[in-house]
Every structure is written in C-alpha cells, then in structure tokens.
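Turn this into a structure:
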Amino acid sequence: MQSQYHLLWPNMTININPGFPNLSIDVWIPDGPNATRGFSEQFFGSGVTEGFAQDLIAFNKEVGAEDDLLTDSVQRGLLGGCLTAAAF
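Residues are numbered from 1 along each chain as shown. Sure thing, here's the model as predicted:
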C-alpha cells in the first residue's frame, strides 16, 4: 500500500499511511492575518499494535515540525516584501 495525502480545500487534509489501517485528519484555522493554528486526529483500525500507532504519531509530529519550519520561513518572506528583478 502507498501513502495517500488528500487536500480538501481550503483547510483540511486526510492522510493514509502504509501499514496497519490508519487515517489522520488535519485541520487548520486562521488565527489572525498572519497566523494559523490547527489540530490533528489519528484513527486506527482494529488489530493495530500500540507500537505501530505510537511510531506513526511520532513520525507525523516530526514531519509536522519540519513543515512548520518551512512554512514559517515562507511567511517571514511574504511579510518582508520582495525585491523585483529590476532591483538587482
């Protein structure tokens, strides 16, 4: 089985990862003009081991933290304005 990542515009994703039956739903909510807050819910099918569930939750948190670093950097760039090619 391959991973599946589905975006439900504008603020929700549904993710399915390989292995035991699992599903995660992520929702982002605007928190002012330059911030967002969100939450994630993890669901697992019957027969899923505690170890698999904990490992997948830890993996999702790690990837989320990496994504936060990237999106925060993009937001800082947007807030800082941009230089046009003529400015070089």
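
contacts, neighbours, all on C-alpha from now
Fine.

residue ranges with poor pLDDT in this structure?
82-88 (pLDDT under 70).

residue ranges of the strands in it, please?
Taking DSSP state E as the criterion, the chain carries its strands at 4-8, 12-16, 22-30, 36-44.

Save the ones you listed as a markdown table, and put in distance to Gln54 and mean neighbour count too.
Below are those laid out as a markdown table (distance: least, CA to CA, whole Å; neighbours: other CA atoms under 10 Å):
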| stretch | distance to Gln54 | mean neighbour count |
| --- | --- | --- |
| strand 4-8 | 19 | 11 |
| strand 12-16 | 15 | 17 |
| strand 22-30 | 12 | 15 |
| strand 36-44 | 10 | 12 |
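
Would you mind measuring from the residue positioned nearest the centre of the chain to Asp72?
In the chain, the C-alpha nearest the mean C-alpha coordinate belongs to Gly64, at 5.1 Å (CA atoms, centre = their mean). Computed as CA to CA, to the nearest Å, the Gly64 to Asp72 distance reads 12 Å.

what's the burial count for the residue nearest to Phe52 when sequence neighbours are not counted?
Leaving out its chain neighbours, the residue that sits closest to Phe52 by CA to CA, 6 or more residues apart in numbering is Phe20, at 7.7 Å. For Phe20, the number of neighbouring residues by other CA atoms under 10 Å comes to 16.

and if you look at Asn17?
So Asn17, with other CA under 10 Å, has 15 neighbours.

show me what contacts it?
2-4, 23 (CA atoms under 8 Å, 6 or more residues apart in numbering).

residue contacts, Gln42?
Gln42 makes contacts with 22-25, 57, as judged by CA under 8 Å, 6+ apart.

Fine by me, we can end here.
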